[in-house]
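Visitor: pasting the sequence and the predicted coordinates here, then a few questions.
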Amino acid sequence: MQRNERLLSINKQYFNWSDQQVNDFRRKLLNWYDQEGRDLPWRRTKDPYKIWVSEIMLQQTQVSTVIPYYERFIEQIPTIKDLAVYPTEDLLNLWQGLGYYSRVRNMQIAAQQIVELYEGQMPNNMKELLTLKGIGPYTAAAIASMAYNIAEPAIDGNLMRVTARLFEIEEDISQPKSRKIFKDILDRLIDPDRPGDFNQALMDVGATIMTPSAHRPENHFLKEFDQSYQNHTSHLYPVKKKKTKQLQQEWLAYQIQNNRGHYLMRQHQVGELLEGLWHYPLVQLDLLALNNSKETKEAFFYTYLDEESIVAEEDAIIKLKNNFEITMKELSTPIQHIFSHRKWQVAVLPVRIEGSGQELLDYLQINDSSFTWVDPLSLGDYALSKLQIKLFDRLSE
DNA sequence: AAGCCGGGGTG
DNA sequence: CACCCAGGCTT
């Protein structure tokens, strides 16, 4: 029993699309790609060598940087056999400025492997591709799908970000073991008729639409398939552990005050920590840093407001419909609050709004009815947590 | 699983 | 400045 529950919680089933939905997705994606896909030099060839060169260059390197290097490299070294015997010093010269120079050294070793073992012909299957120096799971899948039409998803940062948003995947993409989740889904999604185009189409989606900084989804052509778009949670995906590992959680408390000096407060609901107690609206900064960046300051509004309510945003100002403006100041120095099982770092962000704030409350209550305006003089009528009392104390310092 | 490799772009 | 980018190798 216990083990079953554990298995269930681990093997969360993200994929529940019908065959019909899968077919619709493929058709929409590839139609878009045919119309809007980027025209890149290595997309005009099926030569596995050229695709290989482009994929190695594109590792951790942006497309616009790669293009001139790619053109020059292919012109100087047009085949695998040429690469195998090219003077290493000249090789590094062709690579100069691209960085990660072991990439090109490994590529020459692999070219020599190919000449010795495969008569100079690039292997045409995943197993053999993966034996070549410098070719890992991503690059092998890219070559297999693009040059040989093998239905293998090329799972890179783009595909993980797109997939994580489509299915609201909670697994940390920085952990190698999470890869299986993405592969299981993409194995079922990939179009067996056009696997190379499918991979490149998803990469283009990740590079041009569902970009890392697109915290609020545009009205994009895959929105009907995008679970995070439907739920207004795109800014939460992909989940990626911060490099500086924190033993504690970071929160931002929004001290939102209207023109009467009343505070916007929220009663924590069933299932939340500190259930039933009233607090400044709190947002956990899983993915954002506790600093004065625009994204951090706006986190509350993207958590609780529908995107339709937000018509504009500037440095410290968010505008809602009806020209309603919200002005944010600077974060306070965080305070620490220790529970039995976790430590919170909580900073306060003072926010001023125009008027009585009824419009804001109306917007908020579309999604969450637990907000209200509270007169500081009647705070005695509300149950407050120790944390919230500390936050008030900080205010009066 | 974590550290390393490198340069450029972005907010 | 911090973070990101069509990752893979070594330890």
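Guide: Nice, thanks for sending it over.
Visitor: isn't A:Gln257 up against A:Val348?
Guide: No. Counting by Cβ atoms under 8 Å, A:Gln257 does not reach A:Val348; the two are 11.5 Å apart. Using the backbone N, CA and C atoms, a C-beta is placed for each residue, glycine as well.
Visitor: neighbour count: these two, which is higher?
Guide: A:Val348 (22 against 18; other Cβ atoms under 10 Å).
Visitor: surely that one forms part of a strand?
Guide: Yes. Membership of A:Val348 in a strand is supported by DSSP: H, G, I helix; E, B strand; the rest coil.
Visitor: show me the beta-bridge partners of it.
Guide: Beta-bridge pairing of A:Val348 under DSSP bridges involves A:Ala253.
Visitor: roughly how far apart are it and DNA strand C?
Guide: A:Val348 is 21 Å from DNA strand C, where distance means Cβ to the nearest atom of the strand, to the nearest Å.
Visitor: isn't that residue up against A:Leu391?
Guide: Yes. Counting by Cβ under 8 Å, A:Val348 touches A:Leu391, with 5.8 Å between them.
Visitor: joint contacts of those two?
Guide: Residues touching both A:Val348 and A:Leu391 (Cβ atoms under 8 Å, 6 or more residues apart in numbering) are A:Ala253, A:Gln255, A:Tyr280.
Visitor: the first one and A:Tyr14: what is the separation?
Guide: Yep, that's A:Ala253 we're talking about. If you measure A:Ala253 against A:Tyr14 using Cβ to Cβ, to the nearest Å, the figure is 32 Å.
Visitor: comparing these two, which residue is more hemmed in?
Guide: A:Ala253 (25 against 19).
Visitor: check contacts around the more buried one.
Guide: A:Ala253 neighbours (Cβ under 8 Å, 6+ apart): A:His279, A:Tyr280, A:Pro281, A:Leu282, A:Val346, A:Ala347, A:Val348, A:Leu349, A:Leu391.
Visitor: closest one of those residues to A:Phe301?
Guide: Of all the contacts of A:Ala253, A:Pro281 has the smallest distance to A:Phe301: 10.0 Å, by Cβ to Cβ.
Visitor: what's the pLDDT at the closest one?
Guide: A:Pro281 carries a pLDDT value of 90.
Visitor: distance-wise, check it relative to DNA strand B.
Guide: Distance of A:Pro281 to DNA strand B, given as Cβ to the nearest atom of the strand: 23 Å.
Visitor: so that residue is in contact with A:Gln255, correct?
Guide: No. Checked against Cβ under 8 Å, the pair A:Pro281 and A:Gln255 is beyond contact range at 9.1 Å.
Visitor: out of these two, which sits in the busier spot?
Guide: More crowded of A:Pro281 and A:Gln255, by other Cβ under 10 Å: A:Pro281, with 23 against 20.
Visitor: how close does that one sit to DNA strand C?
Guide: Look at A:Pro281 and DNA strand C: by Cβ to the nearest atom of the strand, they are 24 Å apart.
Visitor: ok and the residue in chain A nearest DNA strand C?
Guide: For chain A, the residue closest to DNA strand C is A:Gly136, as judged by Cβ to the nearest atom of the strand, at 2.5 Å.
Visitor: ok now do that residue, which residues does it touch?
Guide: A:Leu130.
Visitor: how about the backbone phi and psi for it?
Guide: phi -100, psi -170 (degrees, to the nearest 10).
Visitor: so A:Leu274: helix, strand or coil?
Guide: Secondary structure, three-state DSSP: A:Leu274 is coil.
Visitor: count the residues that sit near the residue nearest to A:Phe15 when sequence neighbours are not counted.
Guide: In space, and not counting its chain neighbours, A:Phe15 is closest to A:Ile185: 5.0 Å by Cβ to Cβ, 6 or more residues apart in numbering. Neighbour count for A:Ile185, taken as other Cβ under 10 Å: 21.
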